[in-house]
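Student: Generate coordinates for the sequence data below:
(2 chains)
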Protein chains: 2
Amino acid sequence: LNVNKHSTCTTGSSSLSFRSHTCGELRPADVGEEVILCGWVQYLRQDLFVIMRDFSGLAQILIPQDEDKINLKTALCDLPPESVIRVKGTVRLRPDGQENKEMPTGEIEVLAESVEILNVCRKLPFEIKDFVKKSESLRMQYRYLDLRSSQMQYNLRLRSQLVMKMREYLCNVHGFVDVETPTLFKRTPGGAKEFVVPSREPGRFYSLPQSPQQFKQLLMVAGIDRYFQLARCYRDEGSKPDRQPEFTQVDIEMSFVDQAGIRGLIEGLVQYSWPVEKDPVSTPFPCITYEKAMKDYGVDKPDTRFAMKLMDISKTFHNTEIEFLKDALNQPGGCIQAICIPDGAKHLKGKDHESLKQTARTQFGQEVSVVLVKADGALKSPLNRLMPASAKQQLLQMAQARPGDLLLISAGTQECVRPLLGKLRLQCAELLEGSGVAVRDPSAFHFLWVVDFPLFLPKEEDPDQLESAHHPFTAPLPEDAHLLYSLPHKVRGQHYDLVLNGCEIGGGSIRIHKASDQQHVLETILKEDPSLLSHLLEALDSGAPPHGGIALGLDRFLSIIVGAPSIRDVIAFPKSFRGHDLMSRAPDFVSEDELKSYHISVNWPAGDEGNQEK
Amino acid sequence: LNVNKHSTCTTGSSSLSFRSHTCGELRPADVGEEVILCGWVQYLRQDLFVIMRDFSGLAQILIPQDEDKINLKTALCDLPPESVIRVKGTVRLRPDGQENKEMPTGEIEVLAESVEILNVCRKLPFEIKDFVKKSESLRMQYRYLDLRSSQMQYNLRLRSQLVMKMREYLCNVHGFVDVETPTLFKRTPGGAKEFVVPSREPGRFYSLPQSPQQFKQLLMVAGIDRYFQLARCYRDEGSKPDRQPEFTQVDIEMSFVDQAGIRGLIEGLVQYSWPVEKDPVSTPFPCITYEKAMKDYGVDKPDTRFAMKLMDISKTFHNTEIEFLKDALNQPGGCIQAICIPDGAKHLKGKDHESLKQTARTQFGQEVSVVLVKADGALKSPLNRLMPASAKQQLLQMAQARPGDLLLISAGTQECVRPLLGKLRLQCAELLEGSGVAVRDPSAFHFLWVVDFPLFLPKEEDPDQLESAHHPFTAPLPEDAHLLYSLPHKVRGQHYDLVLNGCEIGGGSIRIHKASDQQHVLETILKEDPSLLSHLLEALDSGAPPHGGIALGLDRFLSIIVGAPSIRDVIAFPKSFRGHDLMSRAPDFVSEDELKSYHISVNWPAGDEGNQEK
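Tutor: Coordinates of the predicted model:
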């Protein structure tokens, strides 16, 4: 048996290959064609057909029943699923009535002339069928089998195509330069989430950076003008759900540009690289300020696929006698706010109310009042008998509530009420969807820019001290720049976040390009040791152009596009939430001897010495 | 002054920017055009002109001499070089006779109407002029200035373009899938050159892999069919000249392919991505066996830009009475070989002979005989009086030596003589070029495949034991496969190296795809613990397709294309040969406190404790 013939295609998926065609591409137009297919045995049917699979899809192979091909039949019929074969045969139409409309190749089959068994498969831990449910840990341990699923094949191929389109847009359309920056770098001040890498010099460590922030700015100083990179970044956060210790960002920086320029670039980038099979994205994306986002949605990354906005109903309770509401209004910055859940009285049950109250209590230490608007417009709530009729009327009007709706009311400072209701708004959407109400269209993609963030925030541990809201390199808004030297806490920054369906998928800023401003921010405002960033300060002083940039989180962006529940579904070999590779069992023990050249040794926790040998 | 107007270009290098044009693109066709340029002050001339630079080149700005623009003149004339400005003005032809033919924009100049100073530059450690020579360490310390040079701009932009073309070829022409693989992985058995990365679990370490070898094979098992990645790889070799601790390889793997398929793919890749400004590359590349390369060039990566091949002249000395030659011939595998240096008698002087002999002695522990062929055909050499006339005649004939040539003769075992003469051949080329003889055309690019390497080599420390010549995953040549179980040392592998101008720029192989073969190689031949690679063995047993691949060293490849003396010249932020980042001073000390969460501590060498704090 010798089908060892090269494909005659010079381009496309079967170029330079043993096969002439892929399984999934055969159509009635190919009838009569002699083809060579390579792939996996999906299953056998009636000792008559082999359903054969490659990345492109399935094809039905008809096993010849002739006496002189009996060996071929025997070989195939004994073959375990997922064995690898090469089949030479002729495409023919399936007999009338035997077409399979569900299958893209369902009108044809391939009459096998010869078959070569390239590899026999052992008994697998799970079947490669889309309907077979596997546990997450089994999927990770046998990732090379899990990736054979059509969903994972789609995800990885879409990722590759999307990234390719992004590169074409940046390089070919806008003249960006793809520059690789080092990942073995110096630890950044306070970089608690940076992995360390021991060097062969005692006590000296490299660090795996969380982003190429310094390098991208240095490239602007270097006159590269337009830089981009699909950058591998590292973040050691221990165990956090749906975070990966290494991840990829689309990293972009431009000289001689303002906010509008960067935003326009990214809108074009998303539009250009958007999968053709999805509804096209329209631009420009809506843009709201941080203040407006917090006011309407209680969060800086609003999911704008649904309304249920926050409403201030303080006025309703202006003269209230209800003690806790009065107290709230009397404190500085106190307010009473509400969200209205349309049809919430109908769909949300007692246990839903409880879980909402639970969230308010455990995550915010706050109470929330649940008010149902009955069919006749009456309120069902402990507040009901404490409120005069006029206040009830006003409440319904201000909250735009109709019969059947549900109101969630929270009282306290704005800083507390907004995030609380922002959180409950999302939880209500989930609860409603859980009971079958369509709140968010799963095929909708709502992009949103959020801008005008505060440049500095009070430190949690010491509110008299300021820290950067994002990072110390963000430039102030031009109209706020003078405040940098007088009222820094009032300065808004030229930072912008890109939000998609309520997830932050990117963020960036126009940077400070004058050394004196940067030094003032680091030294005077943030009280940091500027010597740790002396190379950056020197660079800014060496003819730094005005510049700005952005970074998009590729893994998250893709997971939203394909509708995956986790970013693990768009990464070929992800780590578990504990940071483990379950297939190879990394991280693993390393012998003391191997650590010697790095001048380090392990501090074993007491009682754990036994683990030491490996 | 307000020139804060956006470019009207929607594509190209000035899209979305403050500028309307780049400095280097202006031509007589643009005369009359109002332009906005952004860039660096290269220098001032006669208080009349500013020569302004951006990445694209230089433009001459004419400073208006009108009384009402005196402020503009004053501001510009005080400006230090490398300050950043934005100029609005009108393009006009230079007056007759003032054109500069050396300058692409030399026919025009821009009459400034307004200028905005975007950043003032301090006094720099060196000038940004191509003719200014800087030390390597100064270049590295101020890399952001060094990158402003036209050569470094060219190198980085060429790198970006070449990589983009490679991606287009792989993705768009041949259907490859760009897949990212992890860099935090498990230590490979015997991976002495792998950096370790401590995790938060005591004693457990990730490792930064030297290549994605395991992952690329697993992706084939996963049915990805065609994978590529511009992969960041890591190798800790301590201090080695012109090696980098992190480097980039073009990593490729394909299913259902043979050697010819991969070679064809790579030939197409090089041709497709080759810089348009260079002479085109012709394909297919020549291909020679490892045996032939060693025989003719004494090395497995021959520089075929020049001849001077090794010649076996044993026959000449068949009956010789010269003691050391006789001894050499009498030992098993003994031979006498020579290389002939055309015109070497004329160009190579006494000190050159000495340095050649020195190389032979210090690097190979061997003597080499230098024989000059005088104008009359007589030999000048200590051997001369010991050789009969007929032998001399035969020697000249066998070595194809003509008057004026120089012969280098070495006697010993083939294993010793070949590498020695291979090395001296290269040294002679350098010596000749140093004295002005054109040996290798600097614009020539000689690609060469080297194939049929031995699969295993005797271990240096224990010659009875075998080790992989490349790695344990390489498949044997089909015609040698049966020897795997009987005479493994005789097996040739399906490995191929791609050589360019005498440098190995890539290597790959068809892989073992059957678990039983792989297990035999690991366990029986290499005596390795197969449990360390159990996941790979299991994967091969799970329906692995036949597959093969290659990895190209991108940094080396580019440095040869641009003619750079070091790979540091094609990397934006390289490390010094000691592995240091001289700009940021990485690697650096990390406090004990910061190491605590990784359960490691530093073993300070005796007497070095003082370094500990910081």
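
Student: Residue of the stretch 301-450 of chain A nearest chain B, please.
Tutor: A:Trp449 (15.3 Å; C-beta to the nearest C-beta). Where you see a C-beta, it was placed from the backbone N, CA and C, and this is true even at glycine.

Student: Wait, that residue touches A:Arg263, no?
Tutor: Yes. Assessed by C-beta atoms under 8 Å, A:Trp449 is found in contact with A:Arg263 at 6.0 Å.

Student: Mutual contacts of those two, please.
Tutor: A:285, A:287, A:496 (C-beta atoms under 8 Å, 6 or more residues apart in numbering or on different chains).

Student: any residue of stretch A:254-268 up close to chain B?
Tutor: Yes. Using C-beta under 8 Å from any C-beta of the partner chain, stretch A:254-268 reaches chain B at A:254-258, A:260-262, A:264-265.

Student: Flag every residue of the stretch 201-350 of chain A that's near chain B.
Tutor: A:201-208, A:214-215, A:218-219, A:221-226, A:232, A:234, A:236, A:238, A:245-246, A:248, A:254-258, A:260-262, A:264-265.

Student: I'd like to know which of those residues are buried.
Tutor: A:201-208, A:214-215, A:218-219, A:221-226, A:232, A:234, A:236, A:245-246, A:248, A:254-258, A:261-262, A:264-265 (16 or more other C-beta atoms under 10 Å in any protein chain shown).

Student: Spell out which residues make up each domain of chain A.
Tutor: A:23-119, A:153-279+A:468-570, A:306-434 (automatic domain parsing).

Student: next one: the shortest one to chain centre, how far?
Tutor: Think domain A:23-119. 39 Å (C-alpha atoms, centre = their mean, to the nearest Å).

Student: And the last one, by the same measure?
Tutor: Computed by C-alpha atoms, centre = their mean, the chain-centroid distance of domain A:306-434 equals 32 Å.

Student: deepest of the domains of chain A, which one?
Tutor: domain A:153-279+A:468-570 (a mean of 20; mean count of other C-beta atoms under 10 Å in any protein chain shown).

Student: and the residue of the stretch 301-450 of chain A closest to chain B, which of the three is it?
Tutor: strand (DSSP: H, G, I helix; E, B strand; the rest coil).

Student: and it, how many neighbours?
Tutor: 19 (other C-beta atoms under 10 Å in any protein chain shown).

Student: do A:Arg122 as well
Tutor: Neighbour number of A:Arg122 under other C-beta under 10 Å is 14.

Student: Next up, the contacts around the nearest residue to it once chain neighbours are set aside.
Tutor: With sequence-adjacent residues excluded and distances taken as C-beta to C-beta, 6 or more residues apart in numbering or on different chains, A:Arg122 is closest to B:Asp541, at 4.6 Å. Counting by C-beta under 8 Å, 6+ apart, B:Asp541 touches A:121-122, B:515.

Student: Tell me which of the buried ones among the residues of the stretch 201-350 of chain A next to chain B fall in strands.
Tutor: A:204-208, A:226, A:232, A:234, A:246, A:248, A:254-255 (DSSP state E).

Student: Can you report how many residues neighbour the nearest residue to the residue of the stretch 301-450 of chain A closest to chain B once chain neighbours are set aside?
Tutor: In this structure, A:Trp449 finds its nearest non-sequential neighbour in A:Cys287, 3.9 Å apart by C-beta to C-beta, 6+ apart. Other residues near A:Cys287 come to 16 when the count uses other C-beta under 10 Å.

Student: And the strands in the stretch 351-500 of chain A, which stretches?
Tutor: A:369-373, A:379-380, A:406-413, A:447-451, A:456-458, A:466-468, A:495-500 (DSSP state E, counting those that start in this stretch).

Student: nearest to A:Ser56, of those?
Tutor: strand A:495-500 (29.9 Å; C-beta to C-beta).

Student: What helices and strands are in contact with that closest one?
Tutor: On a contact count with 3 or more C-beta pairs under 8 Å, 6 or more residues apart in numbering or on different chains; DSSP states H and E, strand A:495-500 meets helix A:259-273, strand A:447-451, strand A:503-510, strand A:547-553.

Student: Could you list every helix and strand that whichever helix or strand comes after the longest one packs against?
Tutor: Next in sequence after helix A:259-273, counting helices and strands by DSSP states H and E, comes strand A:287-289. Under the contact criterion of 3+ C-beta pairs under 8 Å, 6+ apart, strand A:287-289 touches strand A:447-451.

Student: at 10 Å instead, please
Tutor: Judged by 3 or more C-beta pairs under 10 Å, 6 or more residues apart in numbering or on different chains; DSSP states H and E, strand A:287-289 is in contact with helix A:259-273, helix A:290-297, strand A:447-451.

Student: if we can go back for a sec, could I get the residues of stretch A:254-268 next to chain B as a markdown table with pLDDT?
Tutor: Below are the residues of stretch A:254-268 next to chain B laid out as a markdown table (pLDDT from 0 to 100):
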| residue | pLDDT |
| --- | --- |
| A:Met254 | 98 |
| A:Ser255 | 98 |
| A:Phe256 | 98 |
| A:Val257 | 97 |
| A:Asp258 | 97 |
| A:Ala260 | 96 |
| A:Gly261 | 97 |
| A:Ile262 | 98 |
| A:Gly264 | 97 |
| A:Leu265 | 98 |
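
Student: which one of those residues sits closest to A:Pro472?
Tutor: Using C-beta to C-beta, the residues of stretch A:254-268 next to chain B come closest to A:Pro472 at A:Ile262, 19.1 Å.
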